[in-house]
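# Fold the following for me, if possible:
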Amino acid sequence: MPNLQHLPQYERHLTLAALGHCPRDYYYTNEVRQGLREDKAAGDSLAVGILVHYGLEALWKQRQIGLWTPSLALDFIDAKAGSDVVLLMLKDRKSVVDEARKAVLDYAEQWTGARDHWTPLEVSPVSDPPASWTLLDNRFVAYPDLLVEAGAMYPRVVVDHKTSMWKFEAEKWEWHPELLTQCLAAKQRDSGLPIFYMIDFLQRPGRRSTVWSFPATPIWEFTPKKEAAAREWIRHLIWRRDFYKATMYEGRVDLGGESVTQYELPWPQELSQCQTPWGMCRWAGECFRGED
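Have a look, this model is predicted:
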């Protein structure tokens with residue numbers, strides 16, 4: 001997935017997920033998108049994930065024309081580590097790069113042969129203007145990692161790469177809006193074919209190991225019910241975005257016929273919501289600076 005400055009006129013999963021979490025999360029993320037605020041430095045886990053995605057992108061683009069050459073994917077990781085603004089802020093960039101390189105080598109070894117029947121159709125499609133099939137309602141752009149043909153049973157499979165030190169839990173992903181919106185895009189590309197989707201999971205080594213693992217993950221079908229859920233997720237959050245902009249970001253709001261001044265920013269959610277599965281929200285200091 002490209003940085004936030006790519007196609008800033010469109011919403012994406014990251015921005016709408018920020019809005020679903022907290023209106024201020026969206027506000028600050030949107031400022032980064034518009035170039036009005038510097039992004040926060042990536043933590044090591046996020047940085048490893050970013051670099052692994054670069055390496056897997058290189059591998060699957062190779063597969064479009066032939067066999068994997070992992071050394072070329074490693075060169076791509078090194079080049080990105082030396083040019084990506086967020087990654088350049090890392091304190092220990094070498095250890096992060098080494099871990100990402102090891103992940104891509106282990107991935108190639110794991111799946112050579114086992115996935116030779118996969119035909120990659122789209123690999124991290126990024127363009128400006130965007131490919132028409134990646135646009136949803138002309139307001140949202142999807143960034144699938146990989147779209148493949150995987151045999152007669154699975155004519156179209158949306159594949160989303162994930163790296164984590166935690167074990168894979170299928171229930172977290174089957175209805176995840178990031179995957180479902182990618183499936184909406186895939187359906188626009190190939191409207192006459194059934195769409196399936198999966199997580200391509202790369203589990204980081206434990207403390208006493210250097211070996212990445214690749215647990216088997218299910219392949220889910222993109223059903224009409226899931227399609228409706230994905231469309232509603234986009235519709236509802238864009239409605240909320242427009243509401244916040246109209247009633248809070250502009251400074252004044254009409255309440256029962258009386259025009260009153262609102263906060264310049266929407267007030268943050270209750271403090272407990274600042275805690276996310278990945279730690280405290282990165283903007284918590286902006287919202288509660290100097291407060292106990």
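# just so I have it, where are all the strands in the chain?
Assigned by DSSP state E, the chain shows strands spanning 119-123, 135-136, 140-141, 146-149, 157-164, 196-203, 220-221, 252-255, 258-261, 275-276, 279-280.
# Any stretches of the stretch 151-292 of the chain with poor pLDDT?
248-269, 289-292 (pLDDT under 70).
# Give me the buried positions along stretch 204-211.
Within stretch 204-211, the residues that count as buried by 16 or more other CB atoms under 10 Å are R204. In this view, the C-beta of every residue, glycine as well, is placed from N, C-alpha and C.
# Give me the distance from that stretch to the chain's centre.
Centre-to-centre, stretch 204-211 and its host chain are 24 Å apart (CA atoms, centre = their mean, to the nearest Å).
# first vs last residue of it, how far apart are they?
Using CA to CA, to the nearest Å, the gap from the first to the last residue of stretch 204-211 comes to 8 Å.
# thinking again about what came up before, with mean neighbour count and distance to H236 added, can I get the strands of the chain in JSON lines?
Shown next, in JSON lines, are the strands of the chain (neighbours: other CB atoms under 10 Å; distance: least, CB to CB, whole Å):
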{"stretch": "strand 119-123", "mean neighbour count": "17", "distance to H236": "28"}
{"stretch": "strand 135-136", "mean neighbour count": "18", "distance to H236": "14"}
{"stretch": "strand 140-141", "mean neighbour count": "22", "distance to H236": "12"}
{"stretch": "strand 146-149", "mean neighbour count": "22", "distance to H236": "26"}
{"stretch": "strand 157-164", "mean neighbour count": "21", "distance to H236": "22"}
{"stretch": "strand 196-203", "mean neighbour count": "22", "distance to H236": "21"}
{"stretch": "strand 220-221", "mean neighbour count": "16", "distance to H236": "22"}
{"stretch": "strand 252-255", "mean neighbour count": "11", "distance to H236": "21"}
{"stretch": "strand 258-261", "mean neighbour count": "8", "distance to H236": "26"}
{"stretch": "strand 275-276", "mean neighbour count": "12", "distance to H236": "20"}
{"stretch": "strand 279-280", "mean neighbour count": "11", "distance to H236": "26"}
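# Run through the bridge partners of L136.
Beta bridges link L136 to F140, judged by DSSP bridges.
# one step back: now tabulate the strands of the chain in a markdown table and tack on distance to G66.
Below are these laid out as a markdown table (distance: least, CB to CB, whole Å):
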| stretch | distance to G66 |
| --- | --- |
| strand 119-123 | 12 |
| strand 135-136 | 31 |
| strand 140-141 | 30 |
| strand 146-149 | 16 |
| strand 157-164 | 19 |
| strand 196-203 | 20 |
| strand 220-221 | 30 |
| strand 252-255 | 59 |
| strand 258-261 | 63 |
| strand 275-276 | 41 |
| strand 279-280 | 42 |
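# Out of the ones you listed, the one nearest R240 is which?
R240 lies closest to strand 140-141 among the strands of the chain, at 13.7 Å (CB to CB).
# How about residues contacting that closest one?
7, 10-12, 16, 130, 134-135, 181, 234, 238 (CB atoms under 8 Å, 6 or more residues apart in numbering).
# chain center to that strand, what's the gap?
Relative to its chain's centre, strand 140-141 lies at 12 Å (CA atoms, centre = their mean).
# Kindly report the same for stretch 31-38.
With CA atoms, centre = their mean, you get 18 Å for stretch 31-38.
# Endpoints of it, how far apart?
Termini of stretch 31-38 sit 8 Å apart (CA to CA).
# with the contacts of strand 140-141 in mind, which one is nearest to S71?
T134 (30.5 Å).
# Relative to G285, how far out is that closest one?
Using CB to CB, to the nearest Å, we find T134 at a distance of 34 Å from G285.
# And those two? Which one has more around it.
Per other CB atoms under 10 Å, whichever of T134 and G285 has more neighbours is T134, with 25 against 13.
# gap between the nearest residue to H13 once chain neighbours are set aside and A246?
The shortest distance from H13 to any non-neighbouring residue, by CB to CB, 6 or more residues apart in numbering, is to E178 (4.4 Å). When distance is defined by CB to CB, E178 is 27 Å away from A246.
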